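Visitor: what shape does this take:
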Amino acid sequence: MYLKRLEIQGFKSFADKISLDFASGITAVVGPNGSGKSNIGDAVRWALGEQSAKTLRGSKMEDVIFAGTENRKPVGFAEVSLTIDNSDNYLPVSYSEVTITRRVYRSGESEYYINKTSCRLKDIYELLLDTGIGRDGYSIIGQGRVDEILSTKSEDRRHIFEEASGIMKYKVRKQEAERKLELTEQNLIRIKDIINELESQIEPLREQSEAAKKYLTLRDALKELEINVYLDSIDNLKEKIKEYEVNFKDIKDNIEAEERKLRNITAQNQQKNEILKELEIKVNEARDKYYIVEANLEKSSSEINVNREKINSLDQNMNRLDEEISEIDSKTELLLKEEKNRQSKIVYLKGQQEEFSAKLFKYQAELDAVISTLGESERKIEMLKAGIMDKLDIQSDKRTQINNIKNHIENIKKRQNSIGTEIYTLKLEKDKDNMKKEDLTESIRNTVMLIKHEKEKIEELSTEKHEFKTALIDLEKQQGTVKTDIQVKASRHRLLRDMEKSMEGYSRSVKEIMNACKASADFGKGIHGTVAQLFSVDKRYETAIEMTLGGALQNIVSSSEDDAKKAIDFLKRNRMGRATFLPVTAVHGKRLDDNTINKLKEYNGFCGIASDLVHCGDKYKGIVLNLLGKVVVAENLDAGINIARKFSYSFRIVTLEGDILSTSGSMSGGSSDHKGSGILGRSREIAELEEAVEGLKKQDIRLGEKAAEVRSMIAETDTELNEENTRLRDNELVKTRDENHLSMLEDNILKTAAKIGMLNDEKSQMVQQEQDTVREMEKYELELEAIEKDISLTKAVIAEHQEKFKSDQTVRDGLHEDITDFKISVNSIAESLQSVNEHMERINTDKETMHKSKVRKEHEKLKASDEIESLKQEIEGLENAIKKLQAEKTGRTMEIDRLAEEKKVLEEESSDFIERLNASNKTIHLLQEEYNRFDVKNTKAEAEMKAIQDRMWDEYELTYTNAAELKKEIRSLPEAQRTINDYRTQIKLLGPVNVSAIDDYIKTKERYEFMSAQQEDMEQAKEKLHKIIHEMVQVMKKQFVEQFKIINENFGIVYRELFGGGHAELIICDMDNVLESGIEIAVQPPGKRLQNMMLLSGGERAFTAIALLFSILRMKPTPFCLLDEIEAALDDANVYRFGEYLKKFSKNTQFIMVTHRKGTMEAANTMYGVTMQEHGISRVVSMKMGEIAV
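Guide: Residues are numbered from 1 along each chain as shown. Modelled structure (predicted):
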């Protein structure tokens, strides 16, 4: 088996269809960078099922489709076909050639083919299992795959070894078995839930059926006795009511006489009250006027106090302004003095600058002349020395000593001059540092203000960011809640779909009939469906209709009796149970009459007739009426009981909660563990869930968009914060730098003063040292003079020239030092001048600022003086107004006192009438209380009588007249009441009675037995799957360990052959869990210690990966292998070694190499060249290596 042909169309840069034919051996694909040669490897990988766009060097799968160029339009699809020669039947199919094709459209639709027959990706994957060719195999090693093989995550390498060891097919089967096991366990959970539900129903149904007969016997006995007790009670109450009516008439006459007397007294009192009301109005008016005068007095006094406070405040402001103006004058005077001092300093510095510049020019001219003289003297001395060098050897030592002493003296002199210059320079530097210190202090103050402003801005932005983050957290919580709701509702939707598809909730017989209808069109021709499938109801009425219909929901609707008979025969023939059929032609029903319905509409809690609340086709109206035409739907149990009593239990009633009142008087109800929709509301709930999920998805998108906006705002705030923090850090750095600089300046000033003192001390020491050295030199000169007597005249001449030369050198060196010192002084003076000028500018600015401040404060002072005068005039006017108001206040007080006296006299006259009114009212009240007592007794008797009549009607649908026909003598009413209570207690102990429980019990028991059998089958299947998985795990472990051992041995051999020595091995990290364990690679190149893979060079890592690939191929050769520039990191010598190894393995494996290395090209039998003659579009040219050689 080998790769015979590769066809590409529209894939990446291959816009046009190309075909590459491959032979056995080695094929090289070459081309310049960017020509698209690696796209050939991507095409093979993609055709074999690669799903990661990132692996294909894209961001989404659409990127593999040719996107167009400036001159070419994009194409609509990409297609790659691999043709494999299978004449040796390597692949498990009966074809000599197998062509695998993959096609993807720009719309996102993807297609797979095997030999032009449409298939699934899974089919391709299973076809290539354990061949090493699959998408996770080791036959395709691309760019970056080397690092993936040698990655630090040892678990990531497992895929290659699993493919090579041949356990992938077992792994896939194991995963399939595990999926089946999971599905079986889920089905078991569902079946157990159903069985638990049925178990909870069977025993209650049995008990209900046994209680039914006992209930009916007790009910009849209770009815007979209770009716007779009711009749006796009604007769006694009628006698009492007649006595109460006589008493009512006497009391009413007495009340009327007392009320006439009360009306006369009330009329007289009303006249007095009217006079009193008029007087009350006058008093209130007088008081209002008094309060107005008093308020005006308080207001005027308050205004006077406020104005006086303002005057005091303005006086204080004027005093403050005088102080501030005085302070400004003082500061201005100081600035003028400082300005004068600075101007004097500028004049002094400019004079110093001119003096030092003149001296610098003079010393430079002298230096040029001395340098010229030195050059001439040096040439003469060298000429004389050449003739008498031998004669000077004797005196050399002595002269050296003298010269050293002379140099020392010269150095002392130079040091003395240098100390003087240093002292002068240090004094200038000290003055300069003092000025810089002042400037830095001001700069630090300004920087501190900037830092404070930046911190305030940062705090503001941080608060804003916190608010945004809080909003984002809230949005993310909402989005999380929405996503959870989507998952919950989607899960519920899938469950309901599955239940609807499997007809969950239906009996076995109904399921078999409906499945037979689906399987045979002829059989299902006359079957319309179940009642639950054909009827639909609004959610509000679902519970009521489901409880009413009960098992009838599973009744099957047929076209005719013959169709029903045919279905029943089918059930009998196949022994599939029983089912109820409703032929459309035979089943009819009636609705409650219109008169009854109109009366029902008058009662609160009436919802409608059940048949009117069901939606279905017109042809099923007869069935609806038959099942629900005489069933009334009530809001709740209270409303249902009321309607049942009023209509003598003449029809069945069901509440919205599912409680049922039957015509026999029995009631069924209570709580239910059932949640969600029944089989009737299942379709409705599915539709609602679909709509809800769609709405939630839109809400999720909206929340995501809002969250993105908030994140954008947070990012913008972060940017601003970063900018502000950067500015803050910069200012803090400036502050720190200036503070450090200031500290350094202060240290420098102290150090400079100390240096000046030390230099003065050193200068004194140098004078003493010079005297000592001169005396020592004189001693050596006497000794030298004795030696020089033996030296010829020529040497004396040389000595003379040398003395002159040294003297000139001393002068030259002194001039150099003087020039350097003067240059330093000139530069220092220039810097000082600049600093003084800058300070002068700041002084002028401060003077101008203070002048403006003084003018502004004088203006404020003048304005305050004018305002004080205005306020004083206003106070005088207010004091005059207060005198007038106080006089008016006295007059108002006298008028109020007069009116109050008149009111008091009238109130005393009115009190007598009030006493007479109270006495009359008390008499009427006592009579009414007596009347009410008799009225309460009468009402109570009538209510008791009506209640008894209502109970007779509600419970037995009998009037007093009808019941009288059933009357029997009761010997003892208490004894009869005790018997009634005993009957009621027995009925109550029975609890709710369901007379239809017998049929329900039989059906439920049959379904329970069926589900129990299903559970047993599922348990057996689960055990079998566990056994299969265990066996496969054992096989996989054994095979993996055996094959891994062979690969490890091969790896050591191949590594030594490729590297020319060294050691390599593969290590399973966890031998107790070989199927999940990571795999480590340990290598030791020749001459090196065993080391971590990450410490190897790029070439060593690449060669190690190549060694691993060849070790796998040595154990299990793959039919073909595509390698994409895996040797790129190797040097030329190792590339040729790699090429030789390729030739060795090409006998069993076909190699396709994407490369640009010469050694690999030379190993190839066939070569394809990839070029881009047109920008963005790859072309392919092929040739045999034999043709190249020719």
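Visitor: so H859 belongs to a strand, correct?
Guide: No. The assignment for H859, made by DSSP: H, G, I helix; E, B strand; the rest coil, is helix rather than a strand.
Visitor: just give the nearest non-adjacent residue to A1102, would you?
Guide: A1129 (4.2 Å; Cβ to Cβ, 6 or more residues apart in numbering). No exception for glycine: its C-beta is placed from N, CA and C like everyone else's.
Visitor: what about the helices in the stretch 301-450 of the chain?
Guide: Taking DSSP state H, counting those that start in this stretch as the criterion, the stretch 301-450 of the chain carries its helices at 393-501.
Visitor: residue nearest the centroid of this protein?
Guide: By Cα atoms, centre = their mean, the chain has its centre lying nearest to E476, at 4.9 Å.
Visitor: gap between D808 and E746?
Guide: In this view, D808 and E746 are 46 Å apart by Cβ to Cβ, to the nearest Å.
Visitor: let me see the contact set for the residue nearest to the centre of the chain.
Guide: Residues in contact with E476 (Cβ atoms under 8 Å, 6 or more residues apart in numbering) are A707.
Visitor: what pLDDT is listed against it?
Guide: Turning to E476, the model gives it a pLDDT of 84.
Visitor: counting neighbours, what do you get for S870?
Guide: Counted by other Cβ atoms under 10 Å, the residues lying close to S870 total 11.
Visitor: gap between it and E876?
Guide: Counting by Cβ to Cβ, the gap from S870 to E876 is 11 Å.
Visitor: and for Y170?
Guide: Applying Cβ to Cβ, one obtains 115 Å for the distance of Y170 from E876.
Visitor: so for those two, which sits in the more crowded spot?
Guide: Taking neighbours as other Cβ under 10 Å, Y170 and E876 compare with Y170 leading, 23 against 9.
Visitor: I figured the more buried one hits E1031, correct?
Guide: No. Look at Y170 against E1031 with Cβ atoms under 8 Å: they stay out of range, at 9.7 Å.
Visitor: low-confidence ranges in the stretch 951-1100 of the chain?
Guide: 990-998, 1000, 1090-1094 (pLDDT under 70).
Visitor: for it, just list every one of the strands.
Guide: Using DSSP state E, counting those that start in this stretch, the strands assigned to the stretch 951-1100 of the chain run over residues 1063-1068, 1079-1084.
Visitor: now those strands as CSV including distance to I311 and mean neighbour count?
Guide: Shown next, in CSV, are the strands of the stretch 951-1100 of the chain (distance: least, Cβ to Cβ, whole Å; neighbours: other Cβ atoms under 10 Å):
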stretch, distance to I311, mean neighbour count
strand 1063-1068, 100, 18
strand 1079-1084, 96, 18
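Visitor: among those strands, which is nearest D982?
Guide: With Cβ to Cβ as the measure, strand 1063-1068 is the member of the strands of the stretch 951-1100 of the chain nearest D982 (84.3 Å).
Visitor: so D808 and E746 - more neighbours on which side?
Guide: For D808 versus E746, the count of surrounding residues by other Cβ under 10 Å is larger for D808: 20 against 14.
Visitor: retrieve the pLDDT associated with the more buried one.
Guide: At D808, the model reports a pLDDT of 74.
Visitor: how much space separates the residue lying closest to it once chain neighbours are set aside from T1118?
Guide: Computed as Cβ to Cβ, 6+ apart, the closest residue to D808 that is not its neighbour in sequence is L374, at 4.8 Å. Per Cβ to Cβ, L374 is found 89 Å from T1118.
Visitor: out of the two, which sits in the more crowded spot?
Guide: Between L374 and T1118, counted using other Cβ under 10 Å, the more crowded position is T1118 (22 against 18).
Visitor: for the more buried one, which non-adjacent residue is spatially closest?
Guide: Nearest residue to T1118, sequence neighbours excluded (Cβ to Cβ, 6+ apart): G132, at 3.6 Å.
Visitor: could you count how many residues lie near the one you found?
Guide: With other Cβ under 10 Å as criterion, G132 counts 25.
Visitor: was I right to think it contacts I141?
Guide: No. Assessed by Cβ under 8 Å, G132 is found out of contact with I141, at 11.3 Å.
Visitor: ok, back up a step: report the contact partners of the residue nearest to D808.
Guide: Counting by Cβ under 8 Å, 6+ apart, L374 makes contact with F805, D808, Q809, R812.
Visitor: any idea which helix or strand carries the last one?
Guide: Element membership for R812, per DSSP states H and E: helix 793-956.
Visitor: returning to what we had before: confirm that the residue nearest to T1118 sits in a strand.
Guide: No. G132 is assigned coil when assessed by three-state DSSP, not a strand.
Visitor: pLDDT value on it, please?
Guide: On the pLDDT scale, G132 is placed at 71.
Visitor: how about it, what does it touch?
Guide: G132 neighbours (Cβ under 8 Å, 6+ apart): Y138, S139, E163, A164, I1112, K1116, T1118, P1119.
Visitor: out of these, which sit inside helices?
Guide: E163, A164, I1112 (DSSP state H).
Visitor: quick one: low-confidence ranges for the stretch 151-300 of the chain?
Guide: 151-157, 200-201, 204-209, 211-213, 215-216.
Visitor: how about the helices in it?
Guide: With helices called from DSSP H, counting those that start in this stretch, the stretch 151-300 of the chain shows them at 158-165, 168-388.
Visitor: ok, now the stretch 1-150 of the chain?
Guide: Using DSSP H, counting those that start in this stretch, helices in the stretch 1-150 of the chain cover 38-47, 121-127, 145-149.
Visitor: from the chain's centre, how far out does the first one sit?
Guide: This means helix 38-47. 37 Å (Cα atoms, centre = their mean, to the nearest Å).
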